[in-house]
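Student: Compute the structure for the input listed below.
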Amino acid sequence: MFWVKLSIPCTVRQDPDTYRHKLGILKFPNKPNGQPMRYIVTLRQAILFADSQQQKQALNFLAYLMQSQVTSKYLKAAGGCNLPIIKTLWQDPIDPHVSTAVKTLTEGSTRLFSYVQNPAYSVILEENI
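Tutor: Sure thing, here's the model as predicted:
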């Protein structure tokens with residue numbers, strides 16, 4: 001899955017007036033050199049270990065989870081805080097926050113969080129926090 005955190009919109013989704021009329025999403029400003037900002041994204045992956053005793057059940061679960069209707073229900077229950085890899089689930093022109101996030105990520109430049117490329121960054125982040 002390709003995840004986008006829409007944390008603030010998710011917290012007020014139950015208040016339609018605030019969600020639709022009092023909250024907005026702004027693009028990041030350009031960097032000091034005038035170049036567009038690269039958006040930082042993270043990926044969530046399912047891992048199935050070769051030595052797993054339950055490989056068939058795990059594969060069945062993943063096949064179930066990746067069905068569009070199941071993923072759609074999950075995203076709705078999770079408050080729409082994530083953007084899945086299934087492009088047909090991106091289309092929500094009524095929701096200003098999801099549609100803005102999709103446009104930002106598909107039209108802008110992205111990069112992965114540093115810890116995705118090297119786990120040592122997780123240690124550095126923990127030490128700095």
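Student: Between the two ends of stretch 114-124, what distance do you get?
Tutor: Looking at stretch 114-124, the gap from its leading to its trailing residue is 10 Å under the measure CA to CA, to the nearest Å.
Student: Can you name the residues in contact with it?
Tutor: With contacts defined as CB atoms under 8 Å, 6 or more residues apart in numbering, stretch 114-124 is touched by 42, 43, 113, 125. From N, CA and C alone the C-beta is placed, and that goes for glycine too.
Student: Let me see the ranges of the helices in this structure.
Tutor: 7-11, 16-17, 55-65, 68-77, 96-107, 114-117, 120-128 (DSSP state H).
Student: With distance to residue 84, neighbour count and pLDDT as extra columns, can I get the contacts of stretch 114-124 in CSV?
Tutor: Shown next, in CSV, are the contacts of stretch 114-124 (distance: CB to CB, whole Å; neighbours: other CB atoms under 10 Å; pLDDT from 0 to 100):
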residue, distance to residue 84, neighbour count, pLDDT
42, 13, 14, 77
43, 11, 11, 74
113, 18, 13, 81
125, 26, 12, 77
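Student: Columns distance to residue 58 on top of the residues you listed, output as CSV?
Tutor: Written out in CSV, the entries for these read as follows (distance: CB to CB, whole Å):
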residue, distance to residue 58
42, 22
43, 19
113, 26
125, 30
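Student: ok, now which ones touch residue 46?
Tutor: If a contact means CB under 8 Å, 6+ apart, then residue 46 has 62, 65 as its contacts.
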